[in-house]
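> following is a predicted model, sequence given first.
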Amino acid sequence: MAKAKKLTPAAVAALGAERLAALLLEAAEYDPALMRSVRIAVASRIDAAAAAAEIDQQIRSLRRSTAFVDYRQRMAFARDLGALVDAIAGPLADLDPAGALARMLDFIALAPSVFERSDDNGTIGDQFQTACAAVAALIERTPPGPAIEELVRRGYALYLADDYGVADGLVAALAKGLKPQRRATLKSWIEADLARRPSDAAQDETSARGRLDAWRLARALADVADAAGDVDGYCAAQQRMGPRVCDDAGMARRLLDAGRPADALAALTAAEPNPAKNATELADLRIIVLDALGRGEEAQALRWSEFERGLRVEPLRAYLKRLSDFADVDKEEEALDLVATHPDVQGALAFLTAWPDLRRAGALVRVKFDGIDGNGWWTLTPAAERLENKEPLAASLLYRRMIDFTLDRGRSQRYGHASRHLLSCAALAPLVIDWQGHQPHAEYALGLRQRHPRKSSFWSRVDGPTGK
């Protein structure tokens, strides 16, 4: 039988409008989200009022619904929400941007009731975050007038009332889409709300809600400053949140982009040491800032320190790149020897296979096999795959470590992976010339069956036609 040709837009278009319309309606009968999108698209061909009425009906339906959305319905429900967001930002916005903005805010306001009746893993929340991001473009398209201020006030109120984190970017979107005068008005609202808050002395320090509200207002002020390109305003707003919460890295980046590396360094210095911060991100920024200030030796010292601290590839590569010829070779050998003897076996293995130095990685596995944690599949699996061609014994030992952990701990959800690892061991066995005191594969596999004879779901995968 001849293989069907791949469909192309031209081939589909050749079916004609009537045939395509019939196929679309037939598909929409089994896809409620598609049917709603079709209804809105058809209504938008009539006028803005018809399209808005279709969208309003869907929003009212979501508002009234009390049915619980469990994990099995989650993806389909999220697609429905996404289709509604697309309809507001697309067909309706083309006809009536102000009406689309109002309805996007209506949609965002649904978030609390939707979360209260759903089992969300972030998929549903993503749709509300997408809606918040779409607000910027809708504001830009909305004609100037008194209505825009009321819509912005509604958006700001939604941001303040959000307890689920989905509207964290709403003020940023509002500020991005507004003209300078309207943005200044939004800023004045935030400043007034901050001014009404109790002083630090009067505020109850145990009030988590109070601190959250203060941080939320300060972050909003920072977002408005960011939209206006006001670096000092952004930094001042961030500093209102206190040293543990403020975005030190964000301040440093903006100061650096503004051609103010000395101020960026001051911001980074103020952030250290602080266990609440991302030390790696701050160190990488500090290196960039030191280079910008012409303090290359300090930058080099920090690159080496970062390599030692976290066994990170990138700082070492950057460090060696700046050394003279031949000096880099000796320093690389010193660095790799340091990695090979590092107490963090998993980290050392990840580094050596990423560098790559497969000879040292293989030796590390053989020498420190007992110190390797079989639960660390995110490190061991890619390391084993990289070692297969050059170091088959080391690759086999890593696979064995993961197999043993999975079966000894009864991690049935990993049986599929473990069975594939055992098949990989079988394929590698002929390539191993010297087992160096470790069991040959046949003995290991036999011992595995003897220790775990009742794990039938695992052995059925191993003994099946594909091992899957």
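Right, received. Where do you want to start? Numbers count the residues shown, from 1 in each chain.
> so who does G410 touch?
Going by CB atoms under 8 Å, 6 or more residues apart in numbering, G410 touches K455. Just so you know, the C-beta spots here come from the backbone N, C-alpha and C atoms, and that holds for glycine as well.
> tell me the secondary structure for it?
With DSSP: H, G, I helix; E, B strand; the rest coil as the basis, G410 sits in coil.
> could you pull up phi and psi at it?
Here is the backbone geometry of G410 (degrees, to the nearest 10): phi 60, psi 40.
> what's the helix or strand hosting D337 packed up against?
Per DSSP states H and E, D337 falls inside helix 327-340. In this structure, helix 327-340 packs against helix 313-321, helix 345-354, helix 358-367, with contacts taken as 3 or more CB pairs under 8 Å, 6 or more residues apart in numbering; DSSP states H and E.
> and those: which comes nearest D47?
Proximity to D47 (CB to CB) singles out helix 313-321 among those, at 56.2 Å.
> so that closest one versus helix 345-354, what angle?
50 degrees (axes from the mean of the first three to the mean of the last three CA atoms, to 10 degrees).
> can I get the CA coordinates of helix 313-321 in PDB?
In PDB, the C-alpha atoms belonging to helix 313-321 read as follows (Å, rounded to 0.1, in the frame of the first residue of the first chain):
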ATOM      1  CA  VAL A 313      32.200  23.900  33.900                       C
ATOM      2  CA  GLU A 314      31.400  27.400  32.600                       C
ATOM      3  CA  PRO A 315      33.600  29.400  35.000                       C
ATOM      4  CA  LEU A 316      36.600  27.100  34.400                       C
ATOM      5  CA  ARG A 317      36.200  27.400  30.600                       C
ATOM      6  CA  ALA A 318      36.100  31.200  30.900                       C
ATOM      7  CA  TYR A 319      39.100  31.200  33.300                       C
ATOM      8  CA  LEU A 320      41.300  29.100  30.900                       C
ATOM      9  CA  LYS A 321      40.300  31.100  27.900                       C
END
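> so which elements touch that helix?
helix 279-292, helix 296-310, helix 327-340.
> quick one: contacts of it?
Under CB under 8 Å, 6+ apart, the answer for helix 313-321 is 284, 287, 300, 303-304, 306-307, 328, 331-332, 335, 351, 354-355.
> next, count neighbours for the residue lying closest to I372 once chain neighbours are set aside.
The shortest distance from I372 to any non-neighbouring residue, by CB to CB, 6 or more residues apart in numbering, is to R401 (5.2 Å). Neighbour count of R401, defined by other CB atoms under 10 Å: 22.
> remind me which residues of the chain are low pLDDT?
Applying pLDDT under 70 to the chain flags residues 1-5, 32-33, 35-37, 40-46, 199-206, 272-273, 276, 465-468.
> what does the helix or strand containing A22 contact?
Per DSSP H and E, A22 falls inside helix 17-28. Contacting residues not belonging to helix 17-28 are listed as V12, A13, L15, L34, M35, V38 [CB under 8 Å, 6+ apart].
> pick the one among these closest to T381.
When these are compared against T381 (criterion: CB to CB), the nearest one is L34, at 39.1 Å.
> mind checking how far the closest one is from R209?
Going from L34 to R209 by CB to CB, to the nearest Å gives 42 Å.
> F128 too?
22 Å.
> equivalent analysis for G376, please.
39 Å.
> for R317, same thing?
When R317 is compared with R209 (using CB to CB), they lie 46 Å apart.
> good, we can wrap up now.
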